[in-house]
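>>> coords below, sequence missing:
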């Protein structure tokens, strides 16, 4: 059976995903869009940042995943408190996940170079299945074909972020409250529930002369009972204006990305994923586009911050 003709399986796969697999969106450009994975990152730089991330996964496959996120965060005037929020939509065939979260972080100066930030997030998640988009062999199966079904759940997360101008290390736990996902009134004991995820990241910046910077990075993702997944990346930046790099994601893909800064405060990044699984026989790859605007409190140029 061709994958592009298997839309009727998405609803069943969706229920399995809710109880056994990753429920949150995947991002290739995590070095740019790190805030949506860890609330402690909010407000780490002396400006507000608005970012849009648009991901089109497995091009060529009908109803393949599409993810859109929009985030805004920044510090208060004393640069100790970070405030922000983000919205994401994750669409897979007839299924949809929508999340909205607000975040709070507090940054403590440990010494002249090092800071520690602790962050919290709170919001709502909506899971939905559009039964009208599903074709079933059994037309009397009302469990899936009963129209649009959705459920709204609370969402809470926490994280920490230890950083300097040269390196960073952090970890976050989204969806710490394992709320049960109940689509139907007669489902008195649903098996599906929110799964607590774990995101851990680290990176170091090497200065190569005055113009070049090399930054290796690591992102570790885990959600029980799925295997741990590693993203191993490296980024090269030239004159704080242009960057080029790549990422290897275990059991998934090899990725390439590039970007530039326009007029000191607009960032544009693009990435392409080459699948290393059998999905490559049906898909031409995955595209992701990131656009960000930074609004500085001070007149210091944007180049003084880490381009991530």
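The structure has been received and is ready for your questions. The structure displayed is predicted, hence computed values, not measured ones.
>>> in stretch 47-60, which residues are buried?
47-49, 51, 53, 55, 57-58 (16 or more other CB atoms under 10 Å). Every residue, glycine included, has its C-beta placed from N, CA and C.
>>> can you report phi and psi for residue 164?
Dihedral pair for residue 164: phi -130, psi -170, per degrees, to the nearest 10.
>>> just list the residues touching it, thanks.
Going by CB atoms under 8 Å, 6 or more residues apart in numbering, residue 164 touches 113-115.
>>> quick one, strands of the stretch 51-200 of the chain?
Along the stretch 51-200 of the chain, counting by DSSP state E, counting those that start in this stretch, strands occupy 66-75, 81-92, 95-109, 115-130, 148-163, 167-173, 197-204.
>>> wait, which of the ones you listed is closest to residue 261?
Set against residue 261 and scored by CB to CB, the strands of the stretch 51-200 of the chain come closest in strand 66-75, at 17.8 Å.
>>> for that closest one, packing partners?
strand 47-56, strand 81-92 (3 or more CB pairs under 8 Å, 6 or more residues apart in numbering; DSSP states H and E).
>>> adding distance to residue 131, write those strands out as a markdown table.
Putting the helices and strands packed on strand 66-75 into a markdown table (distance: least, CB to CB, whole Å) gives the following:
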| stretch | distance to residue 131 |
| --- | --- |
| strand 47-56 | 25 |
| strand 81-92 | 15 |
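>>> make JSON lines from the ones you listed and add mean pLDDT to it.
As requested, the helices and strands packed on strand 66-75 are exported to JSON lines (pLDDT from 0 to 100):
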{"stretch": "strand 47-56", "mean pLDDT": "96"}
{"stretch": "strand 81-92", "mean pLDDT": "95"}
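>>> which of these sits closest to residue 36?
Among the helices and strands packed on strand 66-75, if distance is taken as CB to CB, the winner is strand 81-92, at 5.0 Å.
>>> so what's residue 85 closest to, chain neighbours aside?
Distances taken as CB to CB, 6 or more residues apart in numbering place residue 102 nearest to residue 85, at 4.4 Å, with adjacent residues excluded.
>>> rewinding a little: among the buried residues of stretch 47-60, which one sits closest to residue 207?
Once CB to CB is applied, the member of the buried residues of stretch 47-60 that ends up nearest residue 207 is residue 47, at 22.2 Å.
>>> dump the residue contacts of the residue nearest to residue 85.
Taking CB under 8 Å, 6+ apart as the contact definition, residue 102 lies against 83-85, 121-123.
>>> please report how far it lies from residue 67.
With the distance defined as CB to CB, to the nearest Å, residue 102 ends up 20 Å from residue 67.
>>> go on, residue 167?
Counting by CB to CB - residue 167 and residue 67 are separated by 29 Å.
>>> ok, those two, which is more surrounded?
residue 67 (20 against 14; other CB atoms under 10 Å).
>>> turn the strands of the stretch 51-200 of the chain into a markdown table, including distance to residue 250.
Output for the strands of the stretch 51-200 of the chain, formatted as a markdown table (distance: least, CB to CB, whole Å):
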| stretch | distance to residue 250 |
| --- | --- |
| strand 66-75 | 20 |
| strand 81-92 | 21 |
| strand 95-109 | 24 |
| strand 115-130 | 27 |
| strand 148-163 | 22 |
| strand 167-173 | 18 |
| strand 197-204 | 14 |
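>>> what subset of the contacts of residue 164 is buried?
For these, buried by 16+ other CB under 10 Å: residue 115.
>>> name the nearest of the contacts of residue 164 relative to residue 33.
residue 115 (20.8 Å).
>>> below-threshold pLDDT in this structure: ranges please.
For the chain, the stretches with pLDDT under 70 are 1-23, 132-147, 183-191, 297-308.
>>> let's see it at 90
1-26, 62-63, 77-79, 92-96, 127-151, 177-196, 223-226, 251, 263-264, 295-308 (pLDDT under 90).
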